[in-house]
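coordinates for the following, if possible.
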Amino acid sequence: MYNNNSSSTPSSSSSSEAGDIKSSLFSPGEPLRQPRTSPPVSDSNAESRSPIPSGHNSSSGADALVKNSKLSAAAPEFVPGSYASFQDDVYSDESEGYYAEPSLADFVQDFVSHLNSSPGSFESEIDYITDTLNNWVTTEEILQELVELIYVQSTSIPNFAYTGARLCNHLSHQLRLSPASRNFRQLLLRRCQNQFEQRDQAVKGDPDTQKRFHSYVLFLGELYLNLEVKSGKDKPGRAIVLLGALKDLLDALFSYPEDPNLMCAVKLLKLSGSILEDTWKEKGQSHMDDIIKKIEEVLLDAKCSRDVRQMLLKLVELRSSNWGRVQAAAVTSDATPDNDPNYFMNEPTFYTADGTPFTAADPEYSDKYQEILDREDYFPDAYEENGNDSFDEDEMDPEIEEAFERFCMESDAKGKK
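Numbers count the residues shown, from 1 in each chain. Okay, the predicted model is just below:
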């Protein structure tokens, strides 16, 4: 599936450069942080445990509190104490101390854990993550380590496959270190190929082996949907090499129709079935028809559980409805209530005098809408009575008028001075 090339070994000077980068990011020269808690105090020294020591009045305590406070009225912005971004969680120590130098594995695990718990922060955090990785990844050896770390996290953490695929796509375009023969995307695809070659054994393996293989299959499906590959001046497209790989993986799953394998195949097809079929049809291939035939054979012959059988039936039904996609609506200029089922979809909802809702699709729409217009003839009168049009600017409350005159006199007096 992929072309395996021999890898080059990084020099010792490159390793030293990586060490310099890390040391510059996390300088060990800062003083150690003071303990956050006081040492235990013996019972005999109870006086020292008093919140206000003897001979120290409350006002001096308040002065000390103000003096030591880090709050400032001139601060550019207010940040709640409960707020924490990825940068703050991992590396901010409020200038109070020093954290031990982390490894690349620690950094990857930290930001992956953060993205997994807060997937909505991807857009706001990805630039910081990329900048940090660009300072870190200076050799092909470190690049290979990064690929392995992200692959393992993406295929082992539940529900992280989608975010992991987005992360891989971003790094494949934004990492500065990108050797022609061993860039991030190529190393990632080669890592995926290693697992791909073990598919026939994995589908027949023990439950743990099958579980790891199924996570890999779903990650590859997300990777096919999210990984953009640029080829010359053409627009970025999907990695075609993954298209054939997914077909072979589906064949492997259906070749050993146990419940876990069948469930994995259903999840993959629900995830990417419409895109796969569209692409195969463009190439004149009928692979999806072959897959549906295999599903029908499983339903007839395999001894799968009732729940899995129901999942397969629902999948066949989904595919027969064009994967649940609504047919393209008529062109706006040609759309009519007869040829476009979505014609009245965005029409507003009105209400009659008794509260009955109706839209433009209602047969009595014209009459009901005219009734509303007739009722609104009364609104201008109410507006003139209570609105700005009836406000007399010459009328003013006596107290307000007196205060206004006094204000004008004081203003004139100040002007003469």
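
can you give the domain ranges for the protein?
Per automatic domain parsing, the domain ranges recorded for the chain read 104-324, 346-416.

hey, least reliable of the ones you listed by pLDDT?
Note on those: lowest mean pLDDT is at domain 346-416, with a mean of 61.

next up, the contacts around Leu269.
Under the criterion of Cβ atoms under 8 Å, 6 or more residues apart in numbering, the contact partners of Leu269 comprise Leu250, Leu276, Ile291, Leu315, Arg319. Glycine gets a C-beta too; all of them are placed from N, C-alpha and C.

so the last one is in which element?
Translated: Arg319. Counting by DSSP states H and E, the element that carries Arg319 is helix 306-320.

give the other helices and strands that that helix contacts.
On a contact count with 3 or more Cβ pairs under 8 Å, 6 or more residues apart in numbering; DSSP states H and E, helix 306-320 meets helix 259-282, helix 287-301.

so which of the ones you listed is the most packed in?
Sort those by mean neighbour count, taking mean count of other Cβ atoms under 10 Å, and helix 259-282 sits at the top with a mean of 19.

could I have the CA atoms of that one written out in CSV?
Coordinates of each C-alpha in helix 259-282 appear next as CSV, following Å, rounded to 0.1, in the frame of the first residue of the first chain:
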residue,chain,number,x,y,z
ASP,A,259,-20.0,-9.4,16.7
PRO,A,260,-17.1,-7.0,17.5
ASN,A,261,-15.9,-7.1,13.9
LEU,A,262,-19.3,-6.5,12.5
MET,A,263,-20.0,-3.6,14.9
CYS,A,264,-16.7,-2.0,13.8
ALA,A,265,-17.6,-2.4,10.2
VAL,A,266,-21.0,-0.8,10.8
LYS,A,267,-19.4,2.2,12.6
LEU,A,268,-16.9,2.7,9.8
LEU,A,269,-19.7,2.6,7.1
LYS,A,270,-21.9,5.0,9.1
LEU,A,271,-18.9,7.3,9.4
SER,A,272,-17.7,7.3,5.9
GLY,A,273,-20.0,5.1,3.8
SER,A,274,-21.5,8.0,1.8
ILE,A,275,-18.0,9.5,0.9
LEU,A,276,-16.6,6.1,0.1
GLU,A,277,-19.5,5.2,-2.3
ASP,A,278,-19.4,8.6,-4.0
THR,A,279,-15.6,8.3,-4.6
TRP,A,280,-15.9,4.7,-5.9
LYS,A,281,-18.7,5.7,-8.2
GLU,A,282,-16.6,8.5,-9.6
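
quick one: it to helix 287-301, angle?
Orientation of helix 259-282 against helix 287-301 (axes from the mean of the first three to the mean of the last three Cα atoms, to 10 degrees) gives an angle of 150 degrees.

measure how helix 259-282 sits relative to helix 306-320, angle-wise.
Direction vectors for helix 259-282 and helix 306-320, defined by the same axes, to 10 degrees, enclose an angle of 10 degrees.

secondary structure element holding Val326?
In the assignment (DSSP H and E), Val326 maps to no helix and no strand.

and for it, the neighbour number?
Neighbour count for Val326, taken as other Cβ atoms under 10 Å: 9.

and it, how far is that from Phe213?
When Cβ to Cβ, to the nearest Å is applied, the distance between Val326 and Phe213 equals 35 Å.

repeat that for Leu115.
For Leu115 relative to Phe213 (Cβ to Cβ), the value is 24 Å.

Gly221 touches Lys270, doesn't it?
No: Gly221 is beyond contact range of Lys270, at 9.8 Å (criterion: Cβ atoms under 8 Å).

which residues are contacting stretch 298-310?
Phe254, Pro257, Glu258, Asp259, Leu262, Met263, Val266, Leu312, Leu313.

distance to Asp412 added to those, as CSV?
Conversion of these to CSV gives the following (distance: Cβ to Cβ, whole Å):
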residue, distance to Asp412
Phe254, 94
Pro257, 97
Glu258, 95
Asp259, 92
Leu262, 91
Met263, 87
Val266, 85
Leu312, 90
Leu313, 90
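
grab the nearest non-local neighbour of Leu268.
When the adjacent residues along the chain are set aside, Leu268 lies closest to Gly221, with 5.0 Å between them (Cβ to Cβ, 6 or more residues apart in numbering).

the one you found: what's it in contact with?
By Cβ under 8 Å, 6+ apart, the residues touching Gly221 are Ala161, Leu246, Leu268, Leu271, Ser272.

the fourth one touches Leu220, doesn't it?
No: the criterion here is Cβ under 8 Å, and Leu271 misses it with Leu220 at 10.4 Å.

just the buried positions in stretch 178-197, please.
When neighbours are counted by 16 or more other Cβ atoms under 10 Å, the buried residues of stretch 178-197 are found to be 178, 182-192, 195-196.

also stretch 401-409?
Of the residues in stretch 401-409, none are scored as buried under the neighbour-count criterion (16+ other Cβ under 10 Å).

cool, and stretch 132-151?
Here stretch 132-151 shows 132-133, 136-147, 149-151 as buried, counting by 16+ other Cβ under 10 Å.

then stretch 228-241?
Applying a neighbour-count criterion of 16+ other Cβ under 10 Å, the buried positions in stretch 228-241 are Val229, Arg238, Ala239.

and the strands in this protein, which stretches?
With strands called from DSSP state E, the chain shows them at 228-229, 237-238, 350-351, 357-358.

output the contacting helices and strands for the first one.
In this structure, strand 228-229 makes packing contacts with helix 161-174, strand 237-238, judged by 3+ Cβ pairs under 8 Å, 6+ apart.

turn those into JSON lines, columns for distance to Lys281.
Rendered in JSON lines, the data for the helices and strands packed on strand 228-229 read as follows (distance: least, Cβ to Cβ, whole Å):
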{"stretch": "helix 161-174", "distance to Lys281": "24"}
{"stretch": "strand 237-238", "distance to Lys281": "15"}
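
distance of the residue lying closest to Met311 once chain neighbours are set aside relative to Pro398?
On the basis of Cβ to Cβ, 6+ apart, the spatially nearest residue to Met311 that is not a chain neighbour turns out to be Val266, at 4.9 Å. Relative to Pro398, Val266 is positioned 80 Å away (criterion: Cβ to Cβ).
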